[in-house]
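Provide a 3D model corresponding to the input given below.
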Amino acid sequence: MKTALITGANKSIGFETARQLLQHGYYVYLGSRDLQKGQQAVDQLKAEGFPQVEPIQIDVVDSNSIAAARQALGEKINVLDVLVNNAGILGDASQPALTSSIGMIKEVFKTNVFGVIEVTQAFIDLLQQSAAPRIVNVTSGLGSLTLHNDPSWKYYPVKGAAYQPSKAALNAYTIMLAYELRDTQFKVNAVDPGYTATDFNHHSGPGSVSDAAARVVKAALLGPDGPTSQFFSDDNAPETGISPW
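Numbers count the residues shown, from 1 in each chain. Sure thing, here's the model as predicted:
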């Protein structure tokens, strides 16, 4: 049975991603910063008929928590097939470039960029034991620098000094990681789940959690001929599904 670890998976897109991977027969380790909330999410999935899931406590901004999660998972499995770096934060509602606090910007980058890097580095050895390892970095369409410089883009006015740059940096890391792993069986991609109605945006998005998670799962299930080092975004590029960086 293939295995998957999802960070920030006790609710919203992460939780639905867990559900859909379970439907595909994966054994899912549901990462949650709060273990009690993670257990509650697991209990719900088990009540739905998915026994192959268990919680794992992991706070992506806490090095000790990441190390403990790696040790705990290593005691259970020798191979990890899928890593979904889903945990992320928005930061302040308003993020003007000239007045946003450095502290707030650092906090957003700490979760959205440095957390992803540290988690990936911590679990890469387990992923390397897989015959078909997949890394999915959950990004945002707002991370496209090309589109942010295009006045005709529908989200052109949606600027911010923390969240958008953090996702652009995550996209850049995805490219570097994919390049480093280019001669292996890894597929490393960034996925924009779309503007989805979640707690993250006070349920203002028009998209469904189910559709958003399906985009993430699609990248997690890529076959051997599937692409790597791509920025998937049905929202930014409905015809091709590939967003400009």
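
Contacts only, for the spatially closest residue to Ala4 that is not a sequence neighbour.
Sequence neighbours aside, Val82 is the residue nearest to Ala4 in space, at 3.8 Å (criterion: C-beta to C-beta, 6 or more residues apart in numbering). (C-beta placed from N, C-alpha, C; glycine too.) By C-beta atoms under 8 Å, 6 or more residues apart in numbering, Val82 lies in contact with Lys2, Thr3, Ala4, Leu5, Leu21, Tyr26, Pro133, Arg134, Ile135, Val136, Ala220.

now do Leu45
Here Leu45 is in contact with Ala18, Arg19, Leu22, Leu30, Val53 (C-beta under 8 Å, 6+ apart).

coming back round to it: quickly list what the residue nearest to Ala4 is bridged to.
Val82 forms beta bridges with Ala4, Arg134, as assigned by DSSP bridges.

For the protein, just list every one of the strands.
Counting by DSSP state E, one finds strands in the chain at the ranges 3-6, 27-32, 53-57, 82-85, 134-138, 187-191, 231-232.

Format the ones you listed as TSV; extra columns: distance to Val116 and mean pLDDT.
Formatted as TSV, the strands of the chain follow (distance: least, C-beta to C-beta, whole Å; pLDDT from 0 to 100):
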stretch	distance to Val116	mean pLDDT
strand 3-6	13	99
strand 27-32	12	98
strand 53-57	17	98
strand 82-85	4	99
strand 134-138	6	99
strand 187-191	10	98
strand 231-232	15	98
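
Nearest to Val209 among the ones you listed would be which one?
With respect to Val209, and counting by C-beta to C-beta, the nearest of the strands of the chain is strand 134-138 at 12.6 Å.

So which elements touch the closest one?
Contact partners of strand 134-138 among helices and strands, from 3 or more C-beta pairs under 8 Å, 6 or more residues apart in numbering; DSSP states H and E: strand 82-85, helix 115-127, helix 163-180, strand 187-191, helix 209-220.

what would these look like in JSON lines with distance to His148?
Converted to JSON lines, the helices and strands packed on strand 134-138 look like this (distance: least, C-beta to C-beta, whole Å):
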{"stretch": "strand 82-85", "distance to His148": "22"}
{"stretch": "helix 115-127", "distance to His148": "21"}
{"stretch": "helix 163-180", "distance to His148": "7"}
{"stretch": "strand 187-191", "distance to His148": "16"}
{"stretch": "helix 209-220", "distance to His148": "21"}
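
Of those, give the one that comes closest to Ile242.
Nearest of those (C-beta to C-beta): strand 187-191, 10.0 Å.

Show the contacting residues for the nearest residue to Arg33 once chain neighbours are set aside.
Computed as C-beta to C-beta, 6+ apart, the closest residue to Arg33 that is not its neighbour in sequence is Asp59, at 4.5 Å. Going by C-beta under 8 Å, 6+ apart, Asp59 touches Arg33, Ser65, Ile66.

Which of the residues you listed fall in helices?
Residues of those located in helices (DSSP state H): Ser65, Ile66.

want to try TSV for the contacts of Asp59, with pLDDT as columns?
Output for these, formatted as TSV (pLDDT from 0 to 100):
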residue	pLDDT
Arg33	97
Ser65	98
Ile66	98
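
how close does the residue lying closest to Pro244 once chain neighbours are set aside get to Val119?
Distances taken as C-beta to C-beta, 6+ apart place Thr146 nearest to Pro244, at 3.9 Å, with adjacent residues excluded. Counting by C-beta to C-beta, to the nearest Å, the gap from Thr146 to Val119 is 27 Å.

neighbour-wise, which of the two wins?
In this view Thr146 and Val119 are compared by other C-beta atoms under 10 Å, and Val119 has more residues nearby, 23 against 12.
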